[in-house]
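K.L.:
Make a model of this:
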Amino acid sequence: MERAEKATRIIDGQPVYIPLSEVDGLCVHWVQSLIYLFRDYIDKAGLEDQAVKVNKKLLWKTVGKIEKREAYYQIFHSTVQRDDQGLHLDHVIELDELKTAAIAAYWIMKYQPFWYSAQAPDAKEVSYLNQAFAVHFILSALSGVAEQAGTDFSVTKKQREDLQYAFNDWDLSREALMMFVEFVGEMIINQP
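P.N.:
A predicted model of the protein is given here:
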């Protein structure tokens, strides 16, 4: 299946997690994918869909930051060779799926492009809406990695609440979040 078709499957509303890294960096598809995944989250959280709003300018800014981080990785983590024709990239290193999910979650928490406009049944869920979505997003990415590896992955309610608490109240850097998500991903992949 073509990568653009996978992004279209998201737009058509099929309930599957499509890794953002498979969308070929097309910003419009990233934005649509994030909106789709957010709508999936609010459905699972039992929040009223019509009361959820998206600041598209902030969402585009979020996707721009993800794209810039990918470019940064390609430039500063790839191997550069010098020959008679000058400098060229010898071995290009790109962000993997889990790093991309962590970066996306970080910028979603930072810019907070989603908000709830109505009286919510659970004020805590709504006041930290972007953080709760970031938790959902990362856990979805980890579940996707587990599925690809043929292993099981689940978290308890307490573990999810602890992660939510960390996202709400801790000062997490992009790098710390990427390392944490990659670490958990490696544990999932390397299960006996």
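
K.L.:
Which stretches in the chain count as helices?
P.N.:
In the chain, the helices defined using DSSP state H lie at 3-11, 27-45, 56-76, 97-111, 123-127, 129-149, 157-169, 174-189.

K.L.:
Quick check: which of the ones you listed is nearest to Ser117?
P.N.:
Each of the helices of the chain has some distance to Ser117 by Cβ to Cβ; the shortest is helix 123-127, at 9.7 Å. All C-beta spots, glycine's among them, are computed from the backbone N, C-alpha and C.

K.L.:
Can you list the low-confidence ranges for the protein?
P.N.:
1-29, 70-83, 85-95, 118-126 (pLDDT under 70).

K.L.:
again, only using 50
P.N.:
Applying pLDDT under 50 to the chain flags residues 1-18, 20-25.

K.L.:
Among the helices of the chain, show me which one is buried the most.
P.N.:
Burial of those is given as mean neighbour count (mean count of other Cβ atoms under 10 Å); helix 97-111 ranks first at a mean of 23.

K.L.:
now what about it, what contacts it?
P.N.:
For helix 97-111, contacts defined as Cβ atoms under 8 Å, 6 or more residues apart in numbering pick out 19-21, 34, 58-59, 61-62, 65-66, 69-70, 73, 95, 114, 130-131, 133-135, 137-138, 140-142, 144-145, 167, 172, 174, 177-178, 180-182, 185.

K.L.:
what's the answer for stretch 167-179, then?
P.N.:
69, 98-99, 102-103, 105-106, 109, 128, 131-132, 134-135, 166.

K.L.:
Now do it: distance from first to last residue.
P.N.:
For stretch 167-179, the first and last residues are 15 Å from each other (Cα to Cα, to the nearest Å).

K.L.:
just use 51 as the starting number from now, easier for me
P.N.:
Sure, I'll start counting at 51 from here, so that last one is stretch 217-229.

K.L.:
Now tabulate the helices of the chain in TSV and tack on distance to Asp134.
P.N.:
Formatted as TSV, the helices of the chain follow (distance: least, Cβ to Cβ, whole Å):
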stretch	distance to Asp134
helix 53-61	36
helix 77-95	37
helix 106-126	22
helix 147-161	35
helix 173-177	60
helix 179-199	42
helix 207-219	51
helix 224-239	37
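
K.L.:
What's the separation between the closest residue to Leu109 other than its chain neighbours and Val113?
P.N.:
Among residues not flanking Leu109 along the chain, Pro163 sits closest, at 4.2 Å (Cβ to Cβ, 6 or more residues apart in numbering). In this view, Pro163 and Val113 are 10 Å apart by Cβ to Cβ, to the nearest Å.

K.L.:
Find the residues that touch each one of those two.
P.N.:
With Cβ under 8 Å, 6+ apart as the test, Pro163 and Val113 reach no residue in common.

K.L.:
residues contacting the residue nearest to Leu109?
P.N.:
Pro163 sits next to 104-106, 108-109, 111-112, 180 when contact means Cβ under 8 Å, 6+ apart.
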